[in-house]
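Enquirer: mind folding the following:
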Amino acid sequence: MSGGRLDAKYWLPAIRELQRAIQNGKYKSQKLGDFITDICYGLSTANDYVDFGIPFLRILNLRNDGVDVSDVVYLSENKKDEIGKAVVHEGDLLISRSGSVGIVVVVPKEAENFAFGSFMIKFCLNEKINKQYISAWLNSEASRKLIEREKIGAIQGNITIETIKNFDIPIPPLSVQNEVVKKIQEAYEQKKKKQAEILKILSSIDDFVLGELGIDMPRGGAEQVFQIWSNEIEGRIDALFYKPYLRSLLEQIKNKKHFSLGEAIADMSGGATPKITGDYYSDKDGVPFLRVQNITEMGIKLDDVKFIKPEIHETMLKRSQLKKDDLVFTITGRIGSVAVVPDNFEGNINQHSVRFHLQNEVDKTKVLPEYVASFFNTKIGRELSFRSTTGGTRPALDYDALKKLVVPLPSIEKQEKIVVGVKTIYGKAKRLRQEAESVVVGAQKEIEQMILP
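Expert: Sure, this is the predicted structure:
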């Protein structure tokens, strides 16, 4: 890999030793560029997505075990001329160059002719190397360390095309390459089986929460064709707002003891995002700056978190500082994900989320923030949140609409039972997720032992 660097992390002894092990190992190493036939950056967009058009891959669609095409966005057909070479075909490789740097996938048939974003680089390999082997090796822990080392840029480091071309790759015989691929693919299959178990466990949360609240989920598919009368119109004319099954659920909630969020909120503020060009961000010694991907139904997730400087947290973003038991509610992007801020957590949020603190009681009944989060994180809770959004290509939940969202208000004993039950289910899912990851990590370690001296 390239030198000419003055930053200390580039010259860490352990990393230099790892690089020497690859260059002087039991298998000859070559530059990845020796096998590359084509390479290019992705397309830079202004997030101007449309409902239908050209499928567009973002970094969040990349997984170590492949491309997730279940959550793609679309670009207008008018952008065909702008896209140029930023299109993938089956067998191409994509690597994330910013954010979670170094995720590498081989493009499957399902993603044929998808465009891809500027935070990724596409490269094509000749027939002299097993492309699945290259993907497996680049996703290994050893390779990730070296890729991380190559990042440039102080705020949000990234890698370049030249960096990729200069990667040192150990090249074992084809039989060993095939064994590496077999081992990692078997691990990913085991991981997928465990992920299926996780989804089954998590899907039980809706039935549990709604069952405890006495809410019946309408059976059968949601109606695609329906009508409403003029006297039923509530100031909105979009069809989503009047879906019969959502109106039925809302009616069930309103027929029970309930409250609107606005009644319960004692303190509320939205986040903001300082310009990336300013001196606002820091390395890992700063204050966690939460984005949508950090707000999950299982709590605040600090994987791939950004950091702001403490002085920015205390001045410019003081109003959006997070406090214990605050609810953080995502209002754009993945709308309706809610997390409770734990004790002894210092953090802040960007403009895609809002934080609010609840009063202790509503209508003489104590309200637990964990219960409110549990309700909104159900399928029903999220759909009722999304029902109240406005906007075309980029829906958002504004503050007034958020305050009008209604929540069932059971007894404190029932709330506590729901909170404990949901935590138990998430605990089972978390253990399975750890098991799934450990299977892949174990396989990657075996691969390194096969390749490195």
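
Enquirer: low-confidence ranges, the protein, go.
Expert: 1-4, 154-156, 218-224, 276-278, 392-393 (pLDDT under 70).

Enquirer: domain parsing for it?
Expert: If you go by automatic domain parsing, the domain ranges for the chain are 8-171, 196-432.

Enquirer: and the ones you listed as a markdown table, adding distance to Gln190 and mean neighbour count?
Expert: Using the backbone N, CA and C atoms, a C-beta is placed for each residue, glycine as well. Supplementary listing: these in a markdown table, determined by distance: least, CB to CB, whole Å; neighbours: other CB atoms under 10 Å:
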| stretch | distance to Gln190 | mean neighbour count |
| --- | --- | --- |
| domain 8-171 | 11 | 17 |
| domain 196-432 | 11 | 16 |
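
Enquirer: make a markdown table out of these and add distance to Tyr188.
Expert: Rendered in a markdown table, the data for these read as follows (distance: least, CB to CB, whole Å):
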| stretch | distance to Tyr188 |
| --- | --- |
| domain 8-171 | 4 |
| domain 196-432 | 13 |
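
Enquirer: nearest to Ile184, out of the ones you listed?
Expert: Among the domains of the chain, the nearest to Ile184 by CB to CB is domain 8-171 (4.4 Å).

Enquirer: okay, how far is it across the closest one, tip to tip?
Expert: Using CA to CA, to the nearest Å, the gap from the first to the last residue of domain 8-171 comes to 29 Å.

Enquirer: now swap in stretch 103-113 and tell me
Expert: The first and last residues of stretch 103-113 sit 20 Å apart, counting by CA to CA.

Enquirer: what is the neighbour count of Leu174?
Expert: 12 (other CB atoms under 10 Å).

Enquirer: state the phi and psi torsions of it.
Expert: Leu174 has phi and psi values of phi -60, psi -40 when expressed as degrees, to the nearest 10.

Enquirer: same deal with Val87?
Expert: When read as degrees, to the nearest 10, the backbone of Val87 gives phi -130, psi 140.

Enquirer: you'd agree it is up against Ala115?
Expert: Yes - shown here, Val87 and Ala115 form a contact pair, counting by CB atoms under 8 Å, at 5.5 Å.

Enquirer: list the contacts of Thr296.
Expert: With contacts defined as CB atoms under 8 Å, 6 or more residues apart in numbering, the neighbours of Thr296 are 337, 339.

Enquirer: now it: how far from Val73?
Expert: With distances defined as CB to CB, to the nearest Å, the gap from Thr296 to Val73 amounts to 20 Å.

Enquirer: what's the answer for Arg63, then?
Expert: Here the distance between Arg63 and Val73 works out to 17 Å (CB to CB).

Enquirer: just Ile312 next, same as before
Expert: Distance, Ile312 to Val73, by CB to CB: 30 Å.
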